[in-house]
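*Asks:* sequence first, predicted coordinates after that:
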Amino acid sequence: MRRIAKGYRARFCALLRTVRARKLDQALAWLGAQAERIRSTEQVPAEVALMRVVERVRRRLEPWQARLEASSGANGSPGMPQFICDAGLGGLARWLRAAGYPAIWRPQWDDAALLEEARRTGATLLTTDSLLMERRLLRDGVIPALWLPPTLRPAGQLQQVLRQLRLPLRPARCMSCGGALRPADKQAVQDRIPPRTYRWRDHYFECEDCGKLFWHGTHWERIQQQLKTVVLTQGS
């Protein structure tokens, strides 16, 4: 089976685990049959047929997921979701930080290092590698993971993450390292601000981790507009 098809199968199993489903082998057989029916009747590639079935299942499971999340709320709300992105997802890591989520990206890490860090931190592993999703720790849900189609651009990958994990936009984090941003006094950081920017902008933010300085200029406005577009098109 082609690697993209394997990725959709892994995503399907992950969806079912969120509602504590059993008999995954039977569910996978059903997935294959439904996808084959769509492929033959609508004359679309097998990967497209699989994607459509998985998306339909995701929508149908949303009420169940909401009920399970509500019932587990008595045990305390979960902390801030955090992510580890594999070597090919550097762009997604930056977008996740812009959307308000900590995201680690170390392109030099191999699969073993990714798994070790994800298990140590409890972060969700994001990958375009369907073979990695076949590792026991991921297949059995010991380490939370989400497979993403490798053909998507970073904004599309972000949309998939927000949609699949039911996440809202949060206040932006440092796009360079993922650290939290804190307000910075304009006068105190004057020597780090271009003169023209200093005249026109009053609000500045500094990363608590790397110290990088940010302000709401045209680049920030473009990013915010793109994030809004991602959210508005999630249901399409």
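*Replies:* Structure's in. What do you need?
*Asks:* count of neighbours near Ala123?
*Replies:* Ala123: 21 surrounding residues under other C-beta atoms under 10 Å. All C-beta atoms are positioned from the backbone trio N, CA, C, and that covers glycine.
*Asks:* thinking it is in contact with Gly79, fair?
*Replies:* No. Shown here, Ala123 and Gly79 do not form a contact pair, counting by C-beta atoms under 8 Å, at 10.8 Å.
*Asks:* which is the next helix or strand following the strand or helix carrying Leu61?
*Replies:* For Leu61, the enclosing helix or strand under DSSP states H and E is helix 46-71. Moving toward the C-terminus from helix 46-71, the next helix or strand (DSSP H and E) is strand 83-85.
*Asks:* list the buried residues in that next one.
*Replies:* Using 16 or more other C-beta atoms under 10 Å as the test for burial, strand 83-85 gives 83-85.
*Asks:* quick one: distance of it to the chain centre.
*Replies:* Centroid displacement of strand 83-85 relative to its chain, using C-alpha atoms, centre = their mean, to the nearest Å, is 8 Å.
*Asks:* in the protein, which spans are helices?
*Replies:* Assigned by DSSP state H, the helices in the chain fall at 3-18, 24-42, 46-71, 90-98, 111-121, 136-139, 154-165, 195-200, 218-232.
*Asks:* Throw those helices into TSV and include mean neighbour count and mean pLDDT, thanks.
*Replies:* Converted to TSV, those look like this (neighbours: other C-beta atoms under 10 Å; pLDDT from 0 to 100):
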stretch	mean neighbour count	mean pLDDT
helix 3-18	20	78
helix 24-42	14	85
helix 46-71	15	73
helix 90-98	22	96
helix 111-121	15	94
helix 136-139	15	87
helix 154-165	20	91
helix 195-200	10	92
helix 218-232	13	87
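*Asks:* so can I have a markdown table of those showing distance to Ser130?
*Replies:* Shown next, in a markdown table, are the helices of the chain (distance: least, C-beta to C-beta, whole Å):
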| stretch | distance to Ser130 |
| --- | --- |
| helix 3-18 | 4 |
| helix 24-42 | 14 |
| helix 46-71 | 11 |
| helix 90-98 | 16 |
| helix 111-121 | 13 |
| helix 136-139 | 11 |
| helix 154-165 | 14 |
| helix 195-200 | 45 |
| helix 218-232 | 24 |
